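>>> okay, predicted coordinates and the sequence, questions at the end:
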Amino acid sequence: MTDHLDARAVRMVDVAKFAGVSQTTASRALSGFKSVSPATRAAVEEAAQTLGYEINLAARSLASRGSQSIGFVVAEPSAHLWGGTYFPRLLQGITEATEGANQQLAIFMPQPNISHQRLRRYLAQGHVDGLLLITSTRQDPLLVDLMRRGMPVVVGGRPIGVAGASFVDVDNSHGAAMATSHLFERGYCNPAHIAGPTDTAAGEDRLSGYCTAMTSRGRTPVFREATDFSFQQGAEVALAIMREHPETDAIFAAGDSMAMGALTALRTIGRDVPGDVGLIGFDSSEPAAQAIPPLSSIYQPVEQLGSEMVRLILARVKDPAQPAQQRILGTRLVARDSSSGPVVRR
């Protein structure tokens, strides 16, 4: 077994000596030059991996004049992606933007709890010039590793626990405060919140916005955290809230799928929406608009979020040394029948 050198001490000359080639050849092999034979390239890459040499991905892409390809890594369970309208809308925005910029889009969907080592090896070969990343993992090790290696990366949504990353997100906190304020303005007195998982930026920020709106009115926040943003969790948490806080006369759910689940659950216990309980979600999805009654919601410009991610990543590919950029997009209220006001009982 070969002992690894300290990565900070490993130089290109060490890699070249280990692989039995010149330093120039080693540099060209790791920079993706096509003049290097496959056998030599494989030997140099194996030497770099054995010694722990850190390849600067940004420099490699620049040296090879780019691949004209952008990677899109979705580090989320597939059930989360296709269970709602968010991901298809995001993908539409990304696809239209990459096509407009004459870029190829390569999509990677590594399964959770499986090593990302194979993906890292693929990316290290310079097949893409930059990455768009969707992840809800706190301190995502893939994001940390790619930033450390110099790969241009833009994250969709505020990354949790990783400083200095470029990202595009919507103003989740303001949107949540707007939803909660809307319920008060419509005459509801005791709005509760079905919170998304607080280990996600969306869950954390929407809970913060709800709490701000409540405390600014001198009210005590009433919320219960769901394990995900699903219909099933919305139904289960809504029932728990109504059981533990029967005075609740309105619910703000952190996502439309959750709100749809809450609507179904409220019907099972004989609560009318909007007469007994007002209801509002977050996403303004098509299913929410078609519900009976149509669900009020907070609109977020998901397609614009995707296109803005592409704009930022292309700028970072062009100039990897530019400082990290963060873009926060606005949200707006879409009021429908589900929050039209309580029925006054006489």
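Okay, I see it. Just so we're clear, the structure is a prediction, and the values are computed from it rather than from any experiment.
>>> for the residue lying closest to Pro294 once chain neighbours are set aside, give its distance to Ile269.
Distance criterion C-beta to C-beta, 6 or more residues apart in numbering; nearest residue to Pro294, sequence neighbours excluded, is Arg336 at 3.9 Å. (C-beta placed from N, C-alpha, C; glycine too.) Arg336 is 22 Å from Ile269, where distance means C-beta to C-beta, to the nearest Å.
>>> more neighbours: which of the two?
More crowded of Arg336 and Ile269, by other C-beta atoms under 10 Å: Arg336, with 19 against 12.
>>> which residues touch stretch 253-264?
Here stretch 253-264 makes contact (C-beta atoms under 8 Å, 6 or more residues apart in numbering) with 83-85, 176, 193-196, 202-203, 206-207, 226, 229-238, 251, 273, 279-285, 287-288, 291, 295, 297, 338.
>>> can you tell me which of the residues you listed are buried?
83-85, 176, 193-196, 202-203, 206-207, 226, 229-238, 251, 273, 279-285, 287-288, 291, 295, 297, 338 (16 or more other C-beta atoms under 10 Å).
>>> can you list the domain ranges for the protein.
Per automatic domain parsing, the structural domains of the chain span 12-54, 69-169+303-330, 172-300+333-339.
>>> okay, these, which one's buried deepest?
Highest mean neighbour count of these: domain 172-300+333-339, a mean of 21 (counted as mean count of other C-beta atoms under 10 Å).
>>> off-centre distance for that domain?
Relative to its chain's centre, domain 172-300+333-339 lies at 21 Å (C-alpha atoms, centre = their mean, to the nearest Å).
>>> look up how far Leu312 lies from the closest residue to Gly71 other than its chain neighbours.
Once flanking residues are discounted, Gly71 sits nearest to Val128: 3.8 Å by C-beta to C-beta, 6+ apart. Using C-beta to C-beta, Val128 is found at 15 Å from Leu312.
>>> all helices of the stretch 151-300 of the chain, in order?
For the stretch 151-300 of the chain, the helices defined by DSSP state H, counting those that start in this stretch occupy 172-185, 201-215, 231-244, 256-268, 286-290.
>>> and of those helices, who's closest to Gln322?
For the helices of the stretch 151-300 of the chain, the distance to Gln322 is smallest for helix 201-215, at 23.1 Å, taking C-beta to C-beta.
>>> list the helices and strands the closest one packs on?
On a contact count with 3 or more C-beta pairs under 8 Å, 6 or more residues apart in numbering; DSSP states H and E, helix 201-215 meets helix 172-185, strand 191-195, strand 223-225.
>>> mean pLDDT and distance to Leu146 added to those, as CSV?
CSV is the format used below for the helices and strands packed on helix 201-215 (pLDDT from 0 to 100; distance: least, C-beta to C-beta, whole Å):
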stretch, mean pLDDT, distance to Leu146
helix 172-185, 98, 24
strand 191-195, 98, 30
strand 223-225, 98, 30
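>>> between the ones you listed, which one is nearest to Val21?
helix 172-185 (51.5 Å).
>>> who's in contact with that closest one?
When contacts are defined by C-beta under 8 Å, 6+ apart, helix 172-185 is touched by residues 191, 193, 201-202, 205-210, 212-214, 217, 250, 252, 254, 278, 280, 282, 296-298, 300, 330-333, 335, 339.
>>> mind checking which helix or strand of the protein has the lowest mean pLDDT?
helix 57-63 (a mean of 55; mean pLDDT, DSSP states H and E).
>>> circling back: which among the helices of the stretch 151-300 of the chain is found nearest to Val162?
helix 201-215 (10.8 Å).
>>> please save the CA atoms from the closest one in PDB.
What follows is helix 201-215 as a C-alpha-only set of coordinates in PDB (Å, rounded to 0.1, in the frame of the first residue of the first chain):
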ATOM      1  CA  ALA A 201     -33.300  26.600   3.300                       C
ATOM      2  CA  ALA A 202     -36.900  26.800   2.100                       C
ATOM      3  CA  GLY A 203     -38.300  25.200   5.300                       C
ATOM      4  CA  GLU A 204     -36.100  27.300   7.500                       C
ATOM      5  CA  ASP A 205     -36.800  30.600   5.800                       C
ATOM      6  CA  ARG A 206     -40.600  30.100   5.400                       C
ATOM      7  CA  LEU A 207     -40.900  29.300   9.100                       C
ATOM      8  CA  SER A 208     -38.900  32.400   9.900                       C
ATOM      9  CA  GLY A 209     -41.200  34.600   7.800                       C
ATOM     10  CA  TYR A 210     -44.300  33.100   9.400                       C
ATOM     11  CA  CYS A 211     -42.900  33.700  12.900                       C
ATOM     12  CA  THR A 212     -42.000  37.300  12.100                       C
ATOM     13  CA  ALA A 213     -45.500  38.000  10.900                       C
ATOM     14  CA  MET A 214     -47.000  36.400  14.000                       C
ATOM     15  CA  THR A 215     -44.700  38.100  16.600                       C
END
